[in-house]
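# here are the coordinates; sequence isn't available:
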């Protein structure tokens, strides 16, 4: 699944084009033709990006730059969740800086928090967004930040992974098994293609399996980052996003794996089940890094 900063615009209706053509024909046959019906307004699902900086330098010793997309009124809960995340990260960074730097140094060389929020996907019932950025206390080792947010449009709720399923533990097992299978196949193919000596290949496969096994254990914290996958229609899957180092080497960056809806739709709570296309047969996309912004 590609993470796009904007969503696709809804195409014009073919029915409107036919109505317009009939009106032109009537105009040639009559002196007083009936006016062509006006095209119904189509609400655009596109959420444009804008730059909206939040500056918060000063007494807490932190400078904040956060960029948000402009949001429709119905997405107020999503915007609130984004801004709450910024505030929480700022408070955490301020607490760390206070322990490490005296007040004079905090004022002279404040820590920096930089966050970029992007709407990634929109289906009929869900809008999903991702935050990416870093927190820098000035030690030349900025910490990467990444978070996801998913709003259920009919209810206005921000939902976490466990909120979607009647039995979260069983759902976690489904996701763990599928993600582990996909990552094994991806990494094994990559290693075999390198034509490594057998001893090195065996050692690297063992290391890779251990890393994937740990990072995909069926625990809530391992699957906290996810996006509801799809464009305009019903959802066709859930894409799990792993931070650098969880299921691959730090140098490989974040990883994402799409889990198709057919594997978990029966575990979805009744109030969310209709939001997913249970008949979807779209193939799952191979793991890849989310595009940095």
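Now that the structure is in, tell me what you want to look at. Predicted model only: the values in this text are computed from it and were never measured. Numbers count the residues shown, from 1 in each chain.

# For the rest of this, base every contact and every neighbour count on C-alpha atoms.
OK.

# Tell me where the stretch 151-293 of the chain has helices.
Listed in chain order, the helices of the stretch 151-293 of the chain (DSSP state H, counting those that start in this stretch) span 168-192, 198-215, 270-273.

# Now render the ones you listed as TSV, adding distance to residue 151 and mean neighbour count.
TSV is the format used below for the helices of the stretch 151-293 of the chain (distance: least, C-alpha to C-alpha, whole Å; neighbours: other C-alpha atoms under 10 Å):
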stretch	distance to residue 151	mean neighbour count
helix 168-192	18	17
helix 198-215	26	15
helix 270-273	12	14
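
# To residue 60, which of those lies closest?
helix 198-215 (34.7 Å; C-alpha to C-alpha).

# which outside residues touch the closest one?
By C-alpha atoms under 8 Å, 6 or more residues apart in numbering, the surrounding residues in contact with helix 198-215 are 180, 183-184, 187-188, 191-192, 222, 246-248.

# follow-up on the earlier one: out of the helices of the stretch 151-293 of the chain, nearest to residue 77?
Closest to residue 77 of these, according to C-alpha to C-alpha: helix 270-273, at 17.6 Å.

# From the chain's centroid, how far away is the closest one?
Mean-position distance between helix 270-273 and its chain equals 21 Å (C-alpha atoms, centre = their mean, to the nearest Å).

# need the strands for the protein, in chain order.
Ranges of strands in the chain, per DSSP state E, are 62-67, 111-122, 126-136, 143-152, 157-158, 226-229, 237-242, 255-260.

# Of those strands, flag the one that's most buried.
strand 226-229 (a mean of 27; mean count of other C-alpha atoms under 10 Å).

# Which strand residues bridge the residue nearest to residue 138 when sequence neighbours are not counted?
Using C-alpha to C-alpha, 6 or more residues apart in numbering and skipping residues adjacent in sequence, the residue nearest residue 138 is residue 111, 6.0 Å away. The bridge-partner assignment for residue 111, based on DSSP bridges, gives residue 62.

# re the thing from before, can you lay out the helices of the stretch 151-293 of the chain as JSON lines showing distance to residue 76 and mean pLDDT?
Listed next are the helices of the stretch 151-293 of the chain as JSON lines, based on distance: least, C-alpha to C-alpha, whole Å; pLDDT from 0 to 100:
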{"stretch": "helix 168-192", "distance to residue 76": "27", "mean pLDDT": "96"}
{"stretch": "helix 198-215", "distance to residue 76": "33", "mean pLDDT": "95"}
{"stretch": "helix 270-273", "distance to residue 76": "20", "mean pLDDT": "96"}
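
# May I see those helices arranged in a markdown table, with distance to residue 145 as well?
Converted to a markdown table, the helices of the stretch 151-293 of the chain look like this (distance: least, C-alpha to C-alpha, whole Å):
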| stretch | distance to residue 145 |
| --- | --- |
| helix 168-192 | 22 |
| helix 198-215 | 18 |
| helix 270-273 | 29 |
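
# Show me the two of the contacts of helix 198-215 that sit farthest apart.
192 and 222 (27.5 Å).

# among the helices of the stretch 151-293 of the chain, which is nearest residue 140?
helix 198-215 (27.0 Å).

# what's the spacing between the closest one and its chain's center?
28 Å.

# between that helix and strand 237-242, how many degrees?
Inter-element angle recorded for helix 198-215 and strand 237-242: 110 degrees (by axes from the mean of the first three to the mean of the last three C-alpha atoms, to 10 degrees).

# Poorly predicted segments of the stretch 101-250 of the chain, please.
The stretch 101-250 of the chain contains residues with pLDDT under 70 at 102-108.

# thought the residue nearest to residue 138 was touching residue 137?
Yes: between residue 111 and residue 137 there is a contact at 4.4 Å, judged by C-alpha atoms under 8 Å.

# Spit out the residues that contact the two alike.
In contact with both residue 111 and residue 137: 93, 97, using C-alpha under 8 Å, 6+ apart.

# Please determine how far residue 178 is located from residue 249.
20 Å (C-alpha to C-alpha, to the nearest Å).
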